[in-house]
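*Asks:* Sequence and computational prediction follow.
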Amino acid sequence: MNAPNLVTEGLLRAHEHWNAAHVGTAAELAAPTKFTIALSRECGTYGAAIAREVGNRLGWPVYDSELLQHIADDMGVHRTLLESVDERQENWLSACLENFFATQHVDSTVYFRRLVEAVLSLASHGNCVIVGRGATKVLPAATTLRVRIIAPLEHRIEAIQKEKNVTRKEAAARVDIVDRERNRFVQTHFGIDPADPAQYDLVINTASYSAGECADIILAALEKLTKKRPVAK
């Protein structure tokens, strides 16, 4: 399946998630914000596969960086997402936006504001996995499990070489370019080093664990955090 079809399929699942989250009982509407998993990854760490595995096990939608960018770029989709935020979360969303742009020295372009709005709107629905695009920095720590996926450089080059069926030189170049682009995005817009482990609740080295084992670790961490913090089930 090509990239445009994947985006379309992802948006269809997203709309189902938004619509389902918009309807609830009075008790559900009074409940605290649900949890979100935000995942940051180095190139060649199978971060997308890990996110999908976690999402499948939890029954949660997964929003990757391409889908987030499409939502931010497309005014129709973006407007639909914002309109799907119910009254229970409107004040929360407004407060998060005001606090974020008031306290962070970040780029304030229209696109970037749309992106931040999209990420926060998705988190207001809760029960989802968001990959990349600075979500670990945008989302409030109280309701977010922030995960960083890493691996040694050689391990990541070998992973890309096998995944893309390219030479080692080509794989090394891809790892370098993707890492630099992702790091530049986070550093430019958020002014932080994405490699700083202090930015995360959990850092996992995929040289030591399979995608399934990484999912096990993330789910165990999520269970621990949801017991400590008052969030909706």
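*Replies:* Perfect, thanks for sending it. Numbers count the residues shown, from 1 in each chain.

*Asks:* so for whichever strand or helix holds R174, what's the average pLDDT?
*Replies:* Using DSSP states H and E, R174 falls within helix 168-190. Taken as a whole, helix 168-190 carries a mean pLDDT of 92.

*Asks:* what's the answer for stretch 116-129, then?
*Replies:* For stretch 116-129, mean pLDDT is 83.

*Asks:* Now find how far off-centre that stretch is within its chain.
*Replies:* In terms of CA atoms, centre = their mean, to the nearest Å, the centre of stretch 116-129 is found 9 Å from the chain centre.

*Asks:* Ok, stretch 148-157 next?
*Replies:* Distance of stretch 148-157 from its chain centroid, counting by CA atoms, centre = their mean, is 19 Å.

*Asks:* contact partners of that stretch?
*Replies:* 39-47, 50, 136, 159, 168, 171-172, 175, 194, 197, 199-200, 202-207, 214 (CB atoms under 8 Å, 6 or more residues apart in numbering). For every residue, glycine as well, the C-beta is placed using N, CA and C.

*Asks:* Give me the angle between whichever strand or helix holds I157 and helix 168-190.
*Replies:* Using DSSP H and E, I157 sits in helix 153-164. Per axes from the mean of the first three to the mean of the last three CA atoms, to 10 degrees, the angle that helix 153-164 makes with helix 168-190 is 110 degrees.

*Asks:* residue ranges of the strands in this structure, please?
*Replies:* For the chain, applying DSSP state E gives strands covering 36-41, 62-63, 128-131, 144-150, 202-205.

*Asks:* Same list (these) but as TSV, adding distance to E117 and mean neighbour count.
*Replies:* Converted to TSV, the strands of the chain look like this (distance: least, CB to CB, whole Å; neighbours: other CB atoms under 10 Å):
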stretch	distance to E117	mean neighbour count
strand 36-41	15	26
strand 62-63	13	26
strand 128-131	13	25
strand 144-150	16	23
strand 202-205	26	18
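
*Asks:* buried sites along the helix holding I157?
*Replies:* The neighbour-count check on helix 153-164 (16 or more other CB atoms under 10 Å) flags 155-161 as buried.

*Asks:* any chance of those residues in JSON lines, with pLDDT too?
*Replies:* Shown next, in JSON lines, are the buried residues of helix 153-164 (pLDDT from 0 to 100):
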{"residue": "H155", "pLDDT": "97"}
{"residue": "R156", "pLDDT": "97"}
{"residue": "I157", "pLDDT": "97"}
{"residue": "E158", "pLDDT": "96"}
{"residue": "A159", "pLDDT": "96"}
{"residue": "I160", "pLDDT": "96"}
{"residue": "Q161", "pLDDT": "96"}
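
*Asks:* with the residues you listed in mind, which one is nearest to N56?
*Replies:* N56 lies nearest to A159 out of these, by CB to CB, at 20.7 Å.

*Asks:* Okay, now the unreliable bits of the chain?
*Replies:* 1-33, 75, 78-79, 81-95, 97-108, 229-233 (pLDDT under 70).

*Asks:* Now do the spatially most central residue of the chain against P194, distance only.
*Replies:* In the chain, the centroid-proximal residue (CA atoms, centre = their mean) is I130; its distance is 2.0 Å. Note on I130: its distance to P194, by CB to CB, to the nearest Å, is 15 Å.

*Asks:* and the closest residue to A141 other than its chain neighbours, what does it touch?
*Replies:* Distance criterion CB to CB, 6 or more residues apart in numbering; nearest residue to A141, sequence neighbours excluded, is D201 at 7.9 Å. Shown in contact with D201 (CB under 8 Å, 6+ apart): 141, 145-147, 221, 225.

*Asks:* Just send those back as a markdown table, with distance to S121 too.
*Replies:* Formatted as a markdown table, the contacts of D201 follow (distance: CB to CB, whole Å):
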| residue | distance to S121 |
| --- | --- |
| A141 | 18 |
| L145 | 19 |
| R146 | 18 |
| V147 | 21 |
| A221 | 24 |
| L225 | 22 |
